[in-house]
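Peer 1: return atomic coordinates for the entry below.
(chains A and B)
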Amino acid sequence: MAGQILFFALAVTAIAAGVGVVWSRSPINSALWLILNLFCIAGLYLTLNAQFIAVIQILVYAGAIMVLFLFVIMLLNLSEMPSVTRFTIARLFGFFLVMGVLALLTYAVAAGLDVLPERIVPAAAAVSGSPSTLARSLFTEYALPFEIIGILLLAATVGAVIIAKRKPV
Amino acid sequence: MGLPWYWTAIIAFAIINFLLISASVLVYAERKVSAAMQNRPGPNRVGPAGFLQPFADVAKLLLKENIVPAMANPFVHSLAPFLMVAIAMTAGALIPFARGVVIADTDMGVLVLLALTSITVYGVTLAGWSSNSKYSLLGGLRASAQMISYELSMGLAVLSVVLMSGTFNLVDIVEGQSGGMAVLGWNFFKNPIGALLFIVTAFAETNRTPFDLPEAEQELVGGYHTEYSGMKFGMFFLAEYVNFFVASFFIVTLFFGGFLVPFEPAMISIFPSLDGSILLGAMQIGTVLLKAGFFAYLFIWVRWTLPRFKYNQLMTLGWKYLLPIALVNVVVIAIIMTVMQYL
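Peer 2: The predicted structure follows:
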C-alpha cells in the first residue's frame, strides 16, 4: 500500500515536472524541471524493484548528461524565450478535455483491435533488480545485443573524436 | 538491514551531528595547520588554544544579514546551498563505521556513492548561475567541466576495486580486505595505482586545492559563492568540509581497510571474548576515525603545500594522464583477476 502511494506520488511529480519542462520559458528552468523529472523516474524504478537501473538513471542522466546540458546553457547564456501563450482556465479545461477524449479514443481503438495489454501481476520479489541478476542476463541471454550496443557506442566515440580533430577549412 | 526504523533514525541523527561537529573541528584544524605551516599562531583567542573559534564563526554567520543580489534568481539562489549540504550529508549514510554500524547496507553502495558524487556539482553550478554575476558564473562553469572530467577517472578507479572485491557492497568491500598480513590485505597494496587515482580525483571532486578552480580567490573573487552571505555562505563552507571528510572516509573504506583493526584475527584468537563485543565495535570506530582523520589531514596538508593548477593543466591532467592510466589499470586488473580464477 505504501508502495502504491509512493508510486503515484512519484508519477504525479514526474508528470508535473515534465509539464514544467515544456512550460517554462527559461532554458535553465526547463533543465531544472527535467532534473526533477529524472529523479522521480529513478524513484519509480526503485518502487519497481529495479535498484540498479534507478542508480544508473541518476548517475548517467542526472549526474552526467544534465550537467553537460547545464554547462552548455550557461556557456551560451541563452535568454528567456518570449511567452507565447497565456495561461487561462479555459485553456487548462480544454487541455484536460482533449486528453480525456484522446485516452477514450485510444482505448476504444485498442479494444476494437484486441491489442489491449494483458494485466501483468509480477511475482513478488521473484526477480530482483540487483546488479548480479542484470549482469547474468546481459552476459548470457542478451550477449549479442549487448556487444552490438558496445560497438555502436565505440563508433560514436570515434566519430566524436574525428569531428573534434578536423581542422577548420 | 534487519534493524527497526527508529534505530536507523537514531544512527542517522548521530552521524549527521557527528559530521556537523567534525566540520567545525576540521575548520579549526585547517586554520591551525595552515598557521603552523606559515609559522604564525593561528586562532588563539576564543576558548582554549582558540578551539571555540569555529563555533564563534558559525554564531556570527547565523546573525549576519542574508543578501540576495537584485537580479538573482531567488529560488535557485536559495536552493543551491541546501543541495550542497543535503548531498554531502547523504553520502554519510553509506559509510560503514564498524561491523553492522552503517545506515544503508545496500548492494548498490559503490554506485550510490558515484551517483551522489556526480550530483554534488549541481549545488556549485546552480549557485554560480543564479547569482547573476560574472565571477560566480565562471566558477560554476569551471565546476561543471571539472566534475565531468574527473568523474570518469574516479569511476574507473572505483571500478578496479569492484573488480577485485566482486561486489558493489561497501561493507563487503571492507571485509574483502581482511586477508593477508595485518594491513597487507588492504586494497591499497593490491591496487596502488587505483588508490592514487581515487585520492587525486577525490581532491578534484571536492574542489580542494590544487583543484579549487571554481572558487579561485585571486581570479574569481570567491568563485561560485561570491554573492552569498550569512548562513548561506556558511552552508557552502560546511558542505566543503563535510565533503572532504566524507571523501576521506571513502578513501579509507575502499582502499585502506575501512573499519578493520590491524591484527584483529590475532587479537580475537588471544581474547576470544572480544569477538562481537562492544569493545571491538568501539575499536573499529576508533580505527576508521583515525584513518579518516589522517586523510582529512592530507587534504589540509596538500592545500597549504601545492599551488593551484591552471585551467588547461587541469584538463590535460584529467583527460590525457589520469583517464588513460585509469583505463589501463582497470584492464590490467580485470586480466589478473581472470587469470587468477583459472590458476
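Peer 1: ok, the residue lying closest to residue B:78 once chain neighbours are set aside to residue B:61 distance?
Peer 2: Sequence neighbours aside, residue B:232 is the residue nearest to residue B:78 in space, at 7.1 Å (criterion: Cβ to Cβ, 6 or more residues apart in numbering or on different chains). C-beta here means a position set from N, CA and C on the backbone, and glycine is covered the same way. Here residue B:232 is placed at a distance of 9 Å from residue B:61 (Cβ to Cβ, to the nearest Å).
Peer 1: who has more neighbours out of these two?
Peer 2: residue B:232 (23 against 17; other Cβ atoms under 10 Å in any protein chain shown).
Peer 1: count of residues packed around residue B:174?
Peer 2: Quick note: residue B:174 (other Cβ under 10 Å) scores 25 neighbours.
Peer 1: residue B:301 is in contact with residue B:208, correct?
Peer 2: No. Using Cβ atoms under 8 Å as the test, residue B:208 is too far from residue B:301 to be in contact (10.9 Å).
Peer 1: residues of chain A that sit close to chain B?
Peer 2: Residues of chain A lying close to chain B by Cβ under 8 Å from any Cβ of the partner chain are A:28, A:32, A:35, A:51-52, A:55-56, A:58-59, A:62-64, A:67-68, A:70-71, A:74-75, A:130-132.
Peer 1: again, only this time at 10 Å
Peer 2: Residues of chain A lying close to chain B (Cβ under 10 Å from any Cβ of the partner chain) are A:26, A:28-29, A:31-32, A:35, A:39, A:42, A:51-52, A:54-60, A:62-75, A:77, A:128-132.
Peer 1: give me the below-cutoff pLDDT ranges for chain B.
Peer 2: Residues of chain B that meet the criterion pLDDT under 70 lie in B:1-3, B:180-183, B:216, B:218, B:274, B:276.
Peer 1: quick check, the residue in it closest to chain A?
Peer 2: The nearest approach of chain B to chain A comes at residue B:118, 2.7 Å away (Cβ to the nearest Cβ).
Peer 1: any idea which element that residue lies in?
Peer 2: Taking DSSP states H and E as the definition, residue B:118 sits inside helix B:109-119.
Peer 1: who are the packing partners of that helix?
Peer 2: When contacts are defined as 3 or more Cβ pairs under 10 Å, 6 or more residues apart in numbering or on different chains; DSSP states H and E, helix B:109-119 packs onto helix A:27-47, helix A:51-56, helix A:66-76, helix B:74-91, helix B:134-165, helix B:170-175, helix B:192-205, helix B:230-255.
Peer 1: residue B:123 is nearest to which of the ones you listed?
Peer 2: Evaluated over the helices and strands packed on helix B:109-119, closeness to residue B:123 peaks at helix B:74-91, with 3.3 Å, by Cβ to Cβ.
Peer 1: can you tell me the element residue B:268 falls in?
Peer 2: In the assignment (DSSP H and E), residue B:268 maps to helix B:264-270.
Peer 1: list the buried ones in the helix or strand just after that helix?
Peer 2: Helices and strands here follow DSSP H and E; after helix B:264-270, the next one along the chain is helix B:278-303. For helix B:278-303, the neighbour count (16 or more other Cβ atoms under 10 Å in any protein chain shown) marks B:280-281, B:283-284, B:287-289, B:291-293, B:295-296, B:299-303 as buried.
Peer 1: can you point out the buried residues in the longest helix along chain A?
Peer 2: Scanning chain A for the longest helix, with DSSP state H as the assignment, gives helix A:89-113. Neighbour counts over helix A:89-113 (16+ other Cβ under 10 Å) mark no residue as buried.
Peer 1: that helix - contacts with which helices or strands?
Peer 2: With contacts defined as 3+ Cβ pairs under 10 Å, 6+ apart, helix A:89-113 has no packing partner among the helices and strands.
Peer 1: average pLDDT for that helix?
Peer 2: Across helix A:89-113, the average pLDDT comes to 86.
Peer 1: quick check: pLDDT value at residue A:123.
Peer 2: pLDDT, read off for residue A:123, is 53.
Peer 1: residue A:155 too?
Peer 2: Residue A:155 is given a pLDDT of 95.
Peer 1: need the contact partners of the helix or strand containing residue A:19.
Peer 2: Here residue A:19, judged by DSSP H and E, is contained in helix A:2-23. Helix A:2-23 is contacted by residues A:29-49, A:83, A:85, A:87, A:95 when judged by Cβ atoms under 10 Å, 6 or more residues apart in numbering or on different chains.
Peer 1: off-centre distance for it?
Peer 2: Put simply, helix A:2-23 sits 12 Å off its chain's centre (Cα atoms, centre = their mean, to the nearest Å).
Peer 1: may I have that helix exported as PDB, CA atoms only?
Peer 2: Taking Å, rounded to 0.1, in the frame of the first residue of the first chain, the C-alpha atoms of helix A:2-23 are listed here in PDB:
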ATOM      1  CA  ALA A   2       2.800   2.400   1.000                       C
ATOM      2  CA  GLY A   3       4.500   1.400  -2.200                       C
ATOM      3  CA  GLN A   4       1.500   2.300  -4.200                       C
ATOM      4  CA  ILE A   5       1.100   5.700  -2.600                       C
ATOM      5  CA  LEU A   6       4.800   6.300  -3.300                       C
ATOM      6  CA  PHE A   7       4.400   5.200  -6.900                       C
ATOM      7  CA  PHE A   8       1.600   7.600  -7.600                       C
ATOM      8  CA  ALA A   9       3.200  10.500  -5.700                       C
ATOM      9  CA  LEU A  10       6.300  10.000  -7.800                       C
ATOM     10  CA  ALA A  11       4.400   9.500 -11.000                       C
ATOM     11  CA  VAL A  12       2.400  12.700 -10.500                       C
ATOM     12  CA  THR A  13       5.500  14.600  -9.700                       C
ATOM     13  CA  ALA A  14       7.200  13.200 -12.700                       C
ATOM     14  CA  ILE A  15       4.400  14.300 -15.000                       C
ATOM     15  CA  ALA A  16       4.200  17.700 -13.300                       C
ATOM     16  CA  ALA A  17       7.900  18.100 -13.900                       C
ATOM     17  CA  GLY A  18       7.600  17.000 -17.400                       C
ATOM     18  CA  VAL A  19       4.900  19.700 -18.000                       C
ATOM     19  CA  GLY A  20       7.300  22.100 -16.300                       C
ATOM     20  CA  VAL A  21      10.000  21.400 -18.800                       C
ATOM     21  CA  VAL A  22       7.700  22.300 -21.700                       C
ATOM     22  CA  TRP A  23       6.000  25.200 -19.900                       C
END
